[in-house]
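# no sequence on this one, just coordinates:
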């Protein structure tokens with residue numbers, strides 16, 4: 001059971017989310033305004049926060065930036081009817097760990113929360129492990145099981161980005177902006193070239209595929225063990 005904070009101003013949406021997540025065994029507290037959500041976030045310890053992008057009294061992204069600025073690293077999922085790529089990137093840059101556009105399927109929301117709960121709670125962790133994969137960000141090394149990975153610095157950074165989001169679909173635009181710090185150019189094949197090289201290093205000798213292509217959406221890192 002996880003302790004979850006839901007910050008959502010739409011009562012109908014909140015009731016559906018509360019009913020579904022509580023039915024899955026989670027303890028969920030609801031706040032309906034930005035200021036109430038900020039107070040609740042600081043008053044108690046939470047396993048994850050689900051917050052709407054547009055909230056009365058205090059914008060969701062401002063609330064999130066304030067929490068991150070105070071050192072709060074609680075995993076956060078941003079909900080929004082604003083579903084374009086630029087908006088998703090704003091949500092992630094404000095400190096969100098994942099972004100889900102409205103309307104959404106309750107099962108997908110639950111799956112994304114479960115993925116957040118599986119991640120290391122401290123995003124400053126320098127040794128990351130997902131399934132048989134392990135990378136040491138200080139040493140600049142990587143392993144899959146007993147096999148060392150010969151990773152270039154950019155490949156290590158790309159793999160780190162994916163390993164901090166296991167099971168989450170990430171778009172080319174998200175990787176382009178977050179790993180390369182460039183604005184995404186749709187005609188560019190830079191992401192595909194680097195992912196192809198990374199895959200060849202991760203998946204050899206018939207090993208299970210780790211980086212999956214989600215058609216029309218992006219890519220996801222699937223733990224193998």
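The structure has been received and is ready for your questions. In this text, all values refer to a predicted model and were calculated from it rather than measured experimentally.
# does residue 49 count as helix, strand or coil?
strand (DSSP: H, G, I helix; E, B strand; the rest coil).
# which secondary element of the chain has the worst mean pLDDT?
When the helices and strands of the chain are scored by mean pLDDT, DSSP states H and E, helix 85-93 comes last with a mean of 76.
# now that one, how far from the centre of its chain.
With Cα atoms, centre = their mean, to the nearest Å as the basis, helix 85-93 stands 12 Å off its chain's centre.
# over to stretch 91-111?
Using Cα atoms, centre = their mean, the offset of stretch 91-111 from its chain centre is 8 Å.
# same deal with stretch 65-80?
In terms of Cα atoms, centre = their mean, the centre of stretch 65-80 is found 12 Å from the chain centre.
# now swap in stretch 167-184 and tell me
Taking Cα atoms, centre = their mean, one finds stretch 167-184 lying 12 Å from the centre of the chain it belongs to.
# identify the residues contacting it?
Contact with stretch 167-184 is made by 85, 88-89, 92, 98, 111-112, 115, 118, 154, 157-158, 161-162, 185, 188, 190-192, 214, 217-223, as judged by Cβ atoms under 8 Å, 6 or more residues apart in numbering. C-beta here means a position set from N, CA and C on the backbone, and glycine is covered the same way.
# mind checking which of those residues are in strands?
If you go by DSSP state E, the contacts of stretch 167-184 have 98, 214, 218, 219, 220, 221 in strands.
# count the neighbours of the second one for me.
Spelled out, it's residue 214. Residues contacting residue 214 under the criterion other Cβ atoms under 10 Å number 11.
# ok, and the closest non-adjacent residue to residue 14?
Leaving aside its chain neighbours, residue 14 sits nearest to residue 8 (4.4 Å; criterion: Cβ to Cβ, 6 or more residues apart in numbering).
# and stretch 30-46, how far apart are its ends?
Using Cα to Cα, to the nearest Å, the end-to-end distance of stretch 30-46 comes to 12 Å.
# quick one: residues in contact with that stretch.
Residues outside stretch 30-46 that contact it (Cβ under 8 Å, 6+ apart): 3-9, 11, 14, 18, 29, 49, 51, 55-60, 62-63, 66-67, 70, 72, 74.
# for it, buried residues please.
Buried residues in stretch 30-46, counted by 16 or more other Cβ atoms under 10 Å: 30, 31, 32, 34, 36, 37, 38, 40, 41, 46.
# so which bits of the least confident helix or strand of the chain are buried?
Buried residues in helix 85-93, counting neighbours by 16+ other Cβ under 10 Å, are found at 87, 88, 89, 90, 91, 92.
# got a list of contacts for it?
53, 61, 64, 78, 80, 99, 101, 171, 173-174, 177-178, 184.
# can you lay out those residues as TSV showing secondary structure, neighbour count and pLDDT?
Shown next, in TSV, are the contacts of helix 85-93 (DSSP: H, G, I helix; E, B strand; the rest coil; neighbours: other Cβ atoms under 10 Å; pLDDT from 0 to 100):
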residue	secondary structure	neighbour count	pLDDT
53	coil	22	91
61	helix	21	91
64	helix	27	91
78	strand	26	92
80	strand	21	86
99	strand	22	86
101	strand	15	86
171	coil	17	87
173	helix	19	83
174	helix	22	84
177	helix	19	80
178	helix	16	80
184	coil	18	67
